[in-house]
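J.: output the structure for:
(chains A, B, C, D and E)
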Amino acid sequence: MSGPIEVAHRESSVLRISVRTAAILLAFTLVFTALMAGTYKATEPMVAASALAEKLRLIGEVLPPGQYDNDLMADAITLPPVPALALDDETRLWRARRNGVPVALVFEAAARDGYSGRIGLILAVNANGRLLALRVTSHKETPGLGDYIDPKKDKNKALPWIAQFSNMGFDSVPPKKWRVKKDGGRFDQMSGATISARAVTNASGRALAWAMENRDKLFALPPNSRFEEKEP
Amino acid sequence: MSALQRLFKFHGGVKPAYNKEASTGLPIAVAPASTLLVIPLHQSIGGMPRPLVKAGERVLKGQRIGGADGNASSAVHASTSGTVVAVEMRLMPHTSGLAALCVVIEPDGRDEWMERHPFDYRSASPTQTRDYLRDAGVVGLGGAVFPTHLKLNPGKQGKLDTLVLNGAECEPFITCDDVLMRERAETILKGAVIMRELLAAGQVLIGIEDNKPEAIAAMEIAARAVNQAAGDSAMKVVAVPTRYPAGGAKQLIRVLTGIEVPHGKRSTDYGVQCFNVGTAYAVYEAIALGQPLLSRIVTVAGNVSGARNYEVLFGTSMRDLIALCDPLPDSDRVIMGGPMMGLLMPSDDVPVVKATNCVLVGSKKLFPPPPPEMPCIRCGECAKACPSDLQPFEMYWFSRARIFGKAQEYNLFDCIECGCCAYVCPSHIPLVDYYRFAKSEIWAREIEKEAADVARERYEFRLLREEREKQEKAAKLAAKTAAGREKAAAALAEATKPAATPEEDAKKALIAAALERAKAQKEQVHPENVSNLTSEQQAEVDAIEARRAEIREMAKPHLRQDD
Amino acid sequence: MNNSPYFLKPASVQSVMLRVLVALLPGIAAYVWFFGAGILVQIVLASVTALVAEAVMLKLRGKPLMLFLSDGSALVTAWLIALTFPSIAPWWLTVLGTLLAIVVAKHLYGGLGQNPFNPAMVAFALMIVAYPLLMSQWPRVDATDFAVQWQAIFGNRQILDAVTMATPLDALRTVLRDPEQRAMIGGLLGTKATFGNVGGKGWEWIAAGYFLGGLYLLQQRIITWHMPAAFLATLCVISGAFALHDPERFAGPGFQLFTGGAMLAAFFIVTDPVSGATTPRGKLIFAGGAAVLTWIIRTFGAYPDGIAFAVLLMNIAAPLIDMYTQPPVFGHKDKRGGPP
Amino acid sequence: MFEAILVMAFGAVVLGAALGYAAVRFRVEGDPLVEKIDAILPQTQCGQCGFPGCKPYAQAIAKGEAEINQCPPGGEEGIHKLADLLGREFKPLSAEHGVEKPKSVALIDEQVCIGCTLCIQACPVDAIVGAAKQMHTVVAPLCTGCELCLPPCPVNCITMEPIGESVETWKWKYPVFKINPAQREAK
Amino acid sequence: MSAYKEIAWNGIWKQNSILAQLLGLCPLLAISTNFVNATSLGLATILVMMLSNFGISALRAFIPYEIRIPVFILIIAALVTVVDLLFNAFLHDMYLVLGIFIPLIVTNCIVLARVEAFAAKNGLRAATFDGLMMGIGFVWVIALLGAVRELVGQGTLFSGIEMIFPTLSGIQVLPEGYPGFLIAILPPGAFFVLGLLIAGRNWLDARANQRMREQRIHHQAEHPTDHPSSAPA
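T.: Below is the predicted model of the structure:
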């Protein structure tokens, strides 16, 4: 490759080489940007469909699809960062209904006092105020120590730790007992890794209490409206 | 007196078993001369002396047989009267087991002195005095054999604060300085007086390790006498703590004055100079009695039942010397020097030389082979023991891995090879051997590199010259007749024609160039001045150059301790 | 025939290592007294594993077997592993840790004298990352029954819950994380609680045992004062400063020094010559740095004790520290003199 | 989308022009690598590598036109150093270029020399002195041992004398490891 | 054909991007937590390498020396973007797992290195083949690394395969009660396993060299004398 360049150096002035390289780079840029744009356009619908499926799958973790018949994505409202849920940004809350009758609320919450920062949760609360299921969506707990809160990492596959919250409500476990055993509550924890379990338990309790309190209002709000907490 | 002197400490050091009692029981005896005296010409640091005698010549005791080569060299003398039987290569008292040029003298038993004249140093110029000492062959007798006349120079200021006499003698087994001080304290101090005058030194500190109380007592009496005679208190005998290597020149200077003389610096720049007590004795003999250095006190110790100090003529075979002391039957080696720094001799039939302070007979029992070498665990014992404040284990890593640049960065050349590090090493690593190896490799490389630089320069110069000649020739050729043009064309064709093999091509080109140049030579004189010299002249010039280089090179390894 | 020096001081790697082992005995005695004889089982397990692994590796690497096997370095590593692992850890945990230490951390790096990292600390770090739960289960002070501990080590993990408890450091960590319980820290470190007066019941006496052994090593001149002094002083100063600033959130120097592996580290772990700094100033920096990191990891880290990580991090830095702290050599320091 | 393409295009033009300009303006002349290679070569100027001297060989190595194993005087050690410098793989000395010999100097038998000056012409470092019809002699310290003076001599009066070891040039040997590795199974 | 053989040998073993050149370690270490993830990223890398080698070899006549690096990067980035979008569209689960590491293929030095060292100087077929072989060299190492880490870390193999082939599922290789050597899955474990793989390669190479040397010595020893050889040929 050095041959032609040597010749070029002898023949061309600095300006001519600069213009030439600029033009060639421009040409390449246009061609390959076009290639990227084309692929983007072509895959756009599939990508959107995948994103939707992803959302539904996450909801499906806590609320089986068979329990409702409405279009969850359409029947959703916007939640501001409510203190009880310890969220930092706006989130969506989905309302499941069967034959128009409220079945469950699905929403996200967080625990800020995990061992290594924030633990993200998603939970489904049914119309009777029971916690249908609880899942951890994101966490940074110590691997092998605190990460059993995530059923994928829990050694006990048959009955993961987090499953003990399924179908629990304040009618079965009074709010005062909605704690880990170490703190005098109902729920188990692993010795040596109390902090993660305590964070998840307390956060779920707070979220459940909030959902119970605002249940009617949340079901009543029109789709795609914004939930506003009562002025204190 | 000694109580008044403030002492300093040097870092590190060890306390090996001293084993000195065996050889101090009896007074110094004179060893008989061997049937043949083998006197190496090169017995000091510096240039190799020229032989002054031929085989068959009769020599008198004290006659110069080797003349100092330049100033940085020292003369060698016949130790007794007799006949020179050969000037030839003989085995040297050196670990290498190599031979060097020696004068072999067959003593006639008459021990007939040449004429002796005291030297009046007071009326001589300092240069004359130094030349006299050089020709008297006086060198440092602590073991490093550095020419004494080079050190008897007060330096830029013309005077010194302190003259240190080294009587510390820290190596185990060796007692030659000890007995010399016990028996000949007065003479030593007379030598010290001369040295003090030559150096214009303010005080004389005589450092003696405190495990030699007799020597300290003897020297104190002698010093008091000298002080009384001079009416001052310049001579001070100082007992220094017994710790190897307190007898290292730099360590002793540090202990007595607190001054640390850095590697590569002259101690006179710091107002202090250090000599061995034996050297002071030799200086006195040379100047006051006119006797050149012919003999020295040698400790024979180790695996012998009759360890003792002898006054030994240089050239005496170690074998004969050892025989005087009843060596034990399991003796298996001879070491010149002490057990910490001594050199292993290739044979017991090597001559005693100026550097021989001790002939140590060894055996497996006395000096058992070291336990197997284990890996270094960086325990730092060596660093704790190093009197030069080095990090021996770091130098070891790099020497072992042949990363010499890094070894030098860790100040490899500040190492005095005292052996303390190897002595304390729990892994039994022969550390000093690694440093010796690294040092000699580095020196060799340095010399190689210098040679390569010279070669490169000369080659480039030659190319330049050839180019210029070619141009001049081309100009001449162009001006010549058609025949000349033809020839030039032929030469050009020759040069551009691809040859069958590169060798042939090169050969042809060389011959062609040679022919051309031969022709050109007739018309013009070479601008080069080298070719105007006769070969003899050139050879002489270059031989001098070579010797200088040799001196420089040799001066490096031996600048250690005990000057 | 060898060159000078021709005679050597009667010193050997073996005698150094043996004296280190002897120095560990007081600490081990206290350990047995307070936490039961399970630790002895661990020491035997680790020692046997270490010797076997060492022998196999030596054989594979073509080194003289008996010479190196008898140098004692593998035993020192093994004992340190046993002493830093929980004494009721399952047997395979100790064996695996020891194997990793000897095979990976020691021999794969070139064997004795060549390992850049402290093998015992490599074992600890690897095992606590791999099995954090098992490495956090320590025996209760009141459950020292040997039979129970034996069972815990060799199989029956069910009995564990009854005999384990959090270490003082673990408890401290848990308390520190929870704002509601922070006030408890006074109680945790106070006189009456489950723990001892200074570093947790039992723990402080083990630490005192190590301290005693450390003094012996100092007296034998196997270690110099630099490392232990720098480690303990730095830990003391940094924890003291923070405890003064906010005694509700930070434990004081007494607790930090006398709990966990601090004392063991100060005299036996940071002082490992092979993987540590060697110059006098370097030793101070090395041990001081290890103490700072230990405190940081203990206070803010994810695992119970931070010493292993702190020491390994400083191991990496050791060559650099050595390079920048070379002591001036003879004649090159600026004392008296200098050319006139 | 259009905006994105515009930004990319703008970047392409600016960068392309800048790089074209820089390529012409900041071209590096000369090659310090040659100097580094030349420093490793032994400067015997013997031409055994197939180049007319050490410098040309160094240039050829730098350009990738020559292998690093063509210098017999430099020996294995020289090849190792070159390999380290250039990040190439070590190769044993190429046999066609010669073998590593102990360092020697040329010696002219002055009885036989006819004073033809051919060796003087051949010596690359001007280490032979003499004039036409005069006896020549080799200045030993300057002689690189290249052997180039041997072939031109019409009377074969030049011999190569190996430089022996003396007490002064003797080198301490690498300390021998005292531990013998355990016996490996003989294969 | 021997030129192609050499390309293949270089890519798979001698110049192996990971074991010999240690290039592209970031995705390698981050993604090789299990076999399926590792292989998926490796396949994506093969795709990118083949395409970029092909593209640049085809366009090499039009690329001036001065701006070759920006053009190479541009082409590689464009191709990676395309691959990223395709993953997003057709293998969405995998896309979520691999996350940032598909875009990071752009910065995988091995891609740029092959483009610069090979594709820019060679013909279409050879360049594409080189991309394939270098990619295979990358894949087998990353797959092995993933498999070892997965096996040691959690005792399974092929976990997560359902993301690609919904009908398949992972295998529990070690007993159910295997505690899992967690560190193998964590980043330090990646370094350990990679270190061991490199050591293994060096060992094999050293052994091969040794054998070659021995053979040469045998050869030299036996050739001058015309005795029949007793040693293995």
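J.: so where is chain E shaky, pLDDT-wise?
T.: Applying pLDDT under 70 to chain E picks out residues E:1, E:219-233.
J.: check contacts around residue E:143.
T.: Residues near residue E:143 by C-beta atoms under 8 Å, 6 or more residues apart in numbering or on different chains: E:35, E:38, E:39, E:42. From N, CA and C alone the C-beta is placed, and that goes for glycine too.
J.: how near is the last one to chain B?
T.: Counting by C-beta to the nearest C-beta, to the nearest Å, the gap between residue E:42 and chain B amounts to 39 Å.
J.: please apply the same query to the second one.
T.: Residue E:38 sits 38 Å away from chain B, going by C-beta to the nearest C-beta.
J.: quick check: whatever residue of chain B ends up closest to chain E vs residue A:77, distance?
T.: When scored by C-beta to the nearest C-beta, chain B has residue B:401 as its residue closest to chain E, at 19.3 Å. Noted for residue B:401: a distance of 72 Å to residue A:77, by C-beta to C-beta, to the nearest Å.
J.: give me the more crowded residue out of those two.
T.: More crowded of residue B:401 and residue A:77, by other C-beta atoms under 10 Å in any protein chain shown: residue A:77, with 19 against 10.
J.: pretty sure that one contacts residue A:95?
T.: Yes. If you go by C-beta atoms under 8 Å, residue A:77 and residue A:95 touch, sitting 7.4 Å apart.
J.: overlap in contacts, these two.
T.: Residues touching both residue A:77 and residue A:95 by C-beta under 8 Å, 6+ apart: residue A:218.
J.: hang on, the earlier thing: and the residue of chain B closest to chain E, backbone torsions?
T.: phi -80, psi 0 (degrees, to the nearest 10).
J.: could you do the one 5 residues further on as well?
T.: Per-residue torsions, residue B:406: phi -70, psi -40 (degrees, to the nearest 10).
J.: which parts of chain A are strands?
T.: Along chain A, counting by DSSP state E, strands occupy A:76-79, A:91-98, A:101-114, A:117-126, A:130-138, A:168-169.
J.: which neighbouring elements make contact with the longest one?
T.: What that stands for is strand A:101-114. strand A:91-98, strand A:117-126, helix A:194-220 (3 or more C-beta pairs under 8 Å, 6 or more residues apart in numbering or on different chains; DSSP states H and E).
J.: then that strand to PDB, C-alphas only?
T.: Presented in PDB, the C-alpha positions along strand A:101-114 are these (Å, rounded to 0.1, in the frame of the first residue of the first chain):
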ATOM      1  CA  VAL A 101     -64.000  -7.100  37.700                       C
ATOM      2  CA  PRO A 102     -60.700  -5.900  39.300                       C
ATOM      3  CA  VAL A 103     -58.400  -8.800  39.800                       C
ATOM      4  CA  ALA A 104     -55.000  -7.500  40.800                       C
ATOM      5  CA  LEU A 105     -52.600  -4.500  40.700                       C
ATOM      6  CA  VAL A 106     -49.100  -5.100  39.300                       C
ATOM      7  CA  PHE A 107     -46.500  -2.500  40.100                       C
ATOM      8  CA  GLU A 108     -42.900  -2.000  40.900                       C
ATOM      9  CA  ALA A 109     -41.300  -1.100  44.200                       C
ATOM     10  CA  ALA A 110     -37.800  -0.900  45.700                       C
ATOM     11  CA  ALA A 111     -35.800  -1.400  48.900                       C
ATOM     12  CA  ARG A 112     -33.100   1.100  49.400                       C
ATOM     13  CA  ASP A 113     -31.400  -0.600  52.300                       C
ATOM     14  CA  GLY A 114     -30.000  -3.600  50.600                       C
END
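J.: so what's the residue positioned nearest the centre of chain D up against?
T.: In chain D, the C-alpha nearest the mean C-alpha coordinate belongs to residue D:41, at 3.0 Å (C-alpha atoms, centre = their mean). When contacts are counted by C-beta under 8 Å, 6+ apart, residue D:41 touches B:452, D:54, D:57, D:58, D:71, D:74, D:78.
J.: show me which pair in the residues you listed is furthest apart.
T.: B:452 and D:57 (13.8 Å; C-beta to C-beta).
J.: of the two, give the one with the bigger neighbour count.
T.: Neighbour count, other C-beta under 10 Å: between residue B:452 and residue D:57, residue D:57 has more, with 26 against 19.
J.: for the closest residue in space to the more buried one that isn't next to it in sequence, give me the pLDDT.
T.: Nearest non-adjacent residue to residue D:57, counting by C-beta to C-beta, 6 or more residues apart in numbering or on different chains: residue D:51, 4.0 Å away. At residue D:51, the predicted lDDT confidence score is 88.
J.: isn't residue B:183 up against residue B:27?
T.: Yes. The criterion here is C-beta under 8 Å, and residue B:183 meets it with residue B:27 at 6.2 Å.
J.: neighbour count: these two, which is higher?
T.: Ranked by neighbour count (other C-beta under 10 Å), residue B:183 and residue B:27 place residue B:183 first, with 17 against 10.
J.: give the contact list for the more buried one.
T.: B:27, B:28, B:218.
J.: in JSON lines: those residues, plus distance to chain E and secondary structure.
T.: Formatted as JSON lines, the contacts of residue B:183 follow (distance: C-beta to the nearest C-beta, whole Å; DSSP: H, G, I helix; E, B strand; the rest coil):
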{"residue": "B:27", "distance to chain E": "66", "secondary structure": "coil"}
{"residue": "B:28", "distance to chain E": "63", "secondary structure": "coil"}
{"residue": "B:218", "distance to chain E": "68", "secondary structure": "helix"}
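J.: need the residues you listed in JSON lines with pLDDT, can you?
T.: Below are these laid out as JSON lines (pLDDT from 0 to 100):
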{"residue": "B:27", "pLDDT": "93"}
{"residue": "B:28", "pLDDT": "94"}
{"residue": "B:218", "pLDDT": "95"}
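J.: any idea which of the residues you listed is closest to chain C?
T.: Closest to chain C, out of all of the contacts of residue B:183 and judged by C-beta to the nearest C-beta, is residue B:28, at 25.3 Å.
J.: contact partners for the closest one?
T.: B:179, B:180, B:183, B:297, B:309, B:310, B:311.
J.: just put the strands of chain A in TSV and tack on distance to residue C:122.
T.: Below are the strands of chain A laid out as TSV (distance: least, C-beta to C-beta, whole Å):
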stretch	distance to residue C:122
strand A:76-79	49
strand A:91-98	44
strand A:101-114	29
strand A:117-126	28
strand A:130-138	32
strand A:168-169	44
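J.: now those in JSON lines, with mean pLDDT?
T.: Shown next, in JSON lines, are those (pLDDT from 0 to 100):
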{"stretch": "strand A:76-79", "mean pLDDT": "90"}
{"stretch": "strand A:91-98", "mean pLDDT": "90"}
{"stretch": "strand A:101-114", "mean pLDDT": "89"}
{"stretch": "strand A:117-126", "mean pLDDT": "90"}
{"stretch": "strand A:130-138", "mean pLDDT": "90"}
{"stretch": "strand A:168-169", "mean pLDDT": "89"}
